[in-house]
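# Kindly return the folded structure for what I paste below:
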Amino acid sequence: MIDRYTLPKMGAIWSEQNKFQSWLDVEIAVCEVWSSMGKIPEKSLQNIKDKAAFTVKRIDEIEKEVEHDLIAFTTAVAESVGQDSRFIHMGLTSYDVEDTALCLRLKASSDIIIEDIKAAITALKKLAKAHKNSIMMGRTHGMHAEPITFAFKLCVWIAELERDLERFTRAKEDISVGKISGAVGSYANVDPSVEEKVCAKLGLKASPASTQVLQRDRFAAYLMCLALVAASLEKFGTEIRNLSRTEVLEVEEPFKKGQKGSSAMPHKKNPIISERITGLARVVRANALVSLENVALWHERDLTNSAAERVIIPDSNILVDYMLNRFIYLIEGLVVHPDNMKANIEKSGGIVFAQRLLHTMVEKGLTREAAYKIAQQCAMDAGEKKISMMDSAISNSELLKHLSKEEIKNVFDIGYFTRNLEQVYKRFEL
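Sure thing, here's the model as predicted:
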């Protein structure tokens, strides 16, 4: 992933240096277990632990000759260890090391993502608490529907992120596995107890059965969860972009001192963070599709997953970490305009009370069909005559046969729409 979207902690996990270090961690853990079983002399183990080292530069040099990154790695380490290097990689195949080490890095990445999601939820709750009474127009199909509060909109987002958190926590458990089972996973050259002990040392669970590789459904599930987080952020970003439009202007992204919105138009304050999140979500979603393609490998393995995973796994973790951090910054600095929300409600002249008017007539004994026809006619007349819905209703002769003018006026109480939302807020401890 390019530096522009890479944050330091996540970037360090997916650096080449850390990749090879995680390989070395696995190799040394295997040596420790072999030594505990009497297969490697204690003195040799200590020598390996003291001297085992590598440089990325040297591994790259060797790989240019051998065309195999794991062999290049073990060769580079052997140069630092000497004769005792014969015990390194004993009984293993490349992906015993590579997949187990990959899961170590994914576990570390998931810890960061989980903390990011929790921080995003915290930011949303703080903003929601501040806007429990900020009434705004709820929209369906982009049109005025019925009023809600901005806090309620945010509660929907909080609930979605909580589901993302739950899914991702399960994905972390699913990916916190290792395999030390040899060339086709049959334990021909390494006892299953070695796998159990090595995985325990590394804080992983042993896969109950594997081929030469860990099965790719685990990685697909992990990337699908990342894609769902990205899709949630895309959804929130799309909403913020719509609410930021000049004609709506109910919210604005933070705009810091010295920031410029356009090279040509000095007045512009564009929703660039939301747009960036929306664009990057497409990349994460596409990567998840590739991970699904990687599930079906030939027999006990082939190499079709390998090259793709070198791109999609680091990039997806790095991007979602970046997107969550940008979203947190956006929410913490979001400018909310309750006055514009109120003004936008008033633009439709009260036609949003049509459903309540319908219900009031039904309570008076009208059939739903008859009440619907009258309420719809009042709304249509309001639009055509450019008068308020209340004025239209009061002047509707058919409606006046069933409701008094005072009863009609009582319908138009905006508090009706939000009277039960406090119960929703309690669910989120707002």
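# C-alpha only now, for contacts and for neighbours.
Fine.
# Next secondary structure element downstream of whatever helix or strand Met341 lives in?
Element membership for Met341, per DSSP states H and E: helix 338-347. Later in the chain than helix 338-347, the nearest helix or strand by DSSP H and E is helix 354-363.
# And the contacts of the helix or strand following that following helix?
Next in sequence after helix 354-363, counting helices and strands by DSSP H and E, comes helix 368-385. With CA atoms under 8 Å, 6 or more residues apart in numbering as the test, helix 368-385 has contacts from 349, 351, 354-355, 357-359, 361-362, 388-389, 391-393, 396, 398-399.
# which of the residues in helix 368-385 are buried?
Neighbour-count burial for helix 368-385 flags Ala371, Tyr372, Ile374, Ala375, Gln376, Gln377, Cys378, Ala379, Asp381, Ala382, Gly383 (criterion: 16 or more other CA atoms under 10 Å).
# Convert the C-alpha atoms of the helix holding Met341 to CSV, please.
Output of helix 338-347 as CSV, limited to C-alpha atoms (Å, rounded to 0.1, in the frame of the first residue of the first chain):
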residue,chain,number,x,y,z
PRO,A,338,-29.7,22.1,13.5
ASP,A,339,-31.1,25.4,12.2
ASN,A,340,-30.7,24.1,8.6
MET,A,341,-32.3,20.8,9.6
LYS,A,342,-35.3,22.7,10.9
ALA,A,343,-35.4,24.9,7.8
ASN,A,344,-35.3,21.9,5.5
ILE,A,345,-38.2,20.3,7.4
GLU,A,346,-40.3,23.4,6.8
LYS,A,347,-39.6,23.4,3.0
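# Now do it, average pLDDT.
Predicted confidence along helix 338-347 averages 95 (mean pLDDT).
# Which strands or helices does that helix pack on?
strand 135-140 (3 or more CA pairs under 8 Å, 6 or more residues apart in numbering; DSSP states H and E).
# one more time with 10 Å, if that's ok
strand 135-140, strand 143-149, strand 251-252 (3 or more CA pairs under 10 Å, 6 or more residues apart in numbering; DSSP states H and E).
# Please identify the most buried of those strands.
Scoring these by mean neighbour count under mean count of other CA atoms under 10 Å gives strand 251-252 as the most buried, with a mean of 21.
# partner strands of it, parallel or antiparallel?
Partners of strand 251-252 in the sheet, by DSSP bridges, are strand 335-336 (antiparallel).
# How far off centre is the partner strand?
Mean C-alpha position of strand 335-336 versus that of the full chain (CA atoms, centre = their mean, to the nearest Å) differs by 24 Å.
# again with stretch 35-46
With CA atoms, centre = their mean, you get 44 Å for stretch 35-46.
# for stretch 360-380, same thing?
The mean C-alpha position of stretch 360-380 is separated from the chain mean by 44 Å, CA atoms, centre = their mean.
# likewise stretch 221-228?
Computed by CA atoms, centre = their mean, the chain-centroid distance of stretch 221-228 equals 8 Å.
# in that stretch, what counts as buried?
Applying a neighbour-count criterion of 16+ other CA under 10 Å, one finds Ala221, Tyr222, Leu223, Met224, Cys225, Leu226, Ala227, Leu228 buried in stretch 221-228.
# what are the ranges of the helices in the stretch 1-150 of the chain?
For the stretch 1-150 of the chain, applying DSSP state H, counting those that start in this stretch gives helices covering 8-13, 16-36, 42-51, 56-66, 69-81, 94-130, 150-175.
# Including mean pLDDT and distance to Val335, could those helices go into TSV?
Shown next, in TSV, are these (pLDDT from 0 to 100; distance: least, CA to CA, whole Å):
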stretch	mean pLDDT	distance to Val335
helix 8-13	97	28
helix 16-36	97	40
helix 42-51	96	55
helix 56-66	96	47
helix 69-81	96	50
helix 94-130	98	10
helix 150-175	97	12
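# got the contact list for Trp298?
By CA atoms under 10 Å, 6 or more residues apart in numbering, the contact set of Trp298 is Thr304.
# Give me the contact list for stretch 391-408.
Stretch 391-408 is contacted from outside by 349-351, 354, 357, 360-362, 364-366, 371, 374-375, 377-383, 385-386, 388-390, 409-410, using CA under 10 Å, 6+ apart.
# before we move on, what about stretch 52-69?
With CA under 10 Å, 6+ apart as the criterion, stretch 52-69 contacts 16-21, 24, 27-28, 46, 70-82, 85, 88, 94.
# which residues of the stretch 151-300 of the chain fall in strands?
Per DSSP state E, counting those that start in this stretch, the stretch 151-300 of the chain carries strands over the ranges 177-178, 205-206, 251-252.
# in the helix or strand containing Ser306, what's buried?
Assigned by DSSP H and E, Ser306 belongs to helix 304-333. Neighbour-count burial for helix 304-333 flags 305, 309, 312-333 (criterion: 16+ other CA under 10 Å).
# again, but for stretch 10-27
Buried residues in stretch 10-27, counting neighbours by 16+ other CA under 10 Å, are found at 10-11, 13-14, 18-27.
# now stretch 100-112: how far from the chain's centre is it?
So, by CA atoms, centre = their mean, the centroid of stretch 100-112 is 16 Å from its chain's centroid.
# List every C-alpha atom in that stretch, with coordinates, as PDB.
Extracted C-alpha coordinates of stretch 100-112, given in PDB (Å, rounded to 0.1, in the frame of the first residue of the first chain):
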ATOM      1  CA  THR A 100       1.500 -19.500  10.700                       C
ATOM      2  CA  ALA A 101       3.500 -16.200  10.600                       C
ATOM      3  CA  LEU A 102       0.800 -14.700   8.400                       C
ATOM      4  CA  CYS A 103      -1.800 -15.500  11.000                       C
ATOM      5  CA  LEU A 104       0.400 -13.900  13.700                       C
ATOM      6  CA  ARG A 105       0.400 -10.700  11.700                       C
ATOM      7  CA  LEU A 106      -3.300 -10.900  11.000                       C
ATOM      8  CA  LYS A 107      -3.900 -11.300  14.700                       C
ATOM      9  CA  ALA A 108      -1.900  -8.200  15.500                       C
ATOM     10  CA  SER A 109      -3.700  -6.300  12.700                       C
ATOM     11  CA  SER A 110      -7.100  -7.400  14.000                       C
ATOM     12  CA  ASP A 111      -6.300  -6.000  17.500                       C
ATOM     13  CA  ILE A 112      -5.700  -2.600  15.800                       C
END
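# And it, what's buried?
Neighbour-count burial for stretch 100-112, with 16+ other CA under 10 Å as criterion, is recorded at Thr100, Ala101, Leu102, Cys103, Leu104, Arg105, Leu106, Lys107, Ala108, Ser109, Ser110, Ile112.
# And stretch 274-286, by the same measure?
So stretch 274-286, judged by 16+ other CA under 10 Å, has buried residues Ser274, Glu275, Ile277, Thr278, Leu280, Ala281, Val283, Val284, Arg285, Ala286.
# Give the rounded mean pLDDT of stretch 245-255.
Across stretch 245-255, pLDDT averages out at 92.
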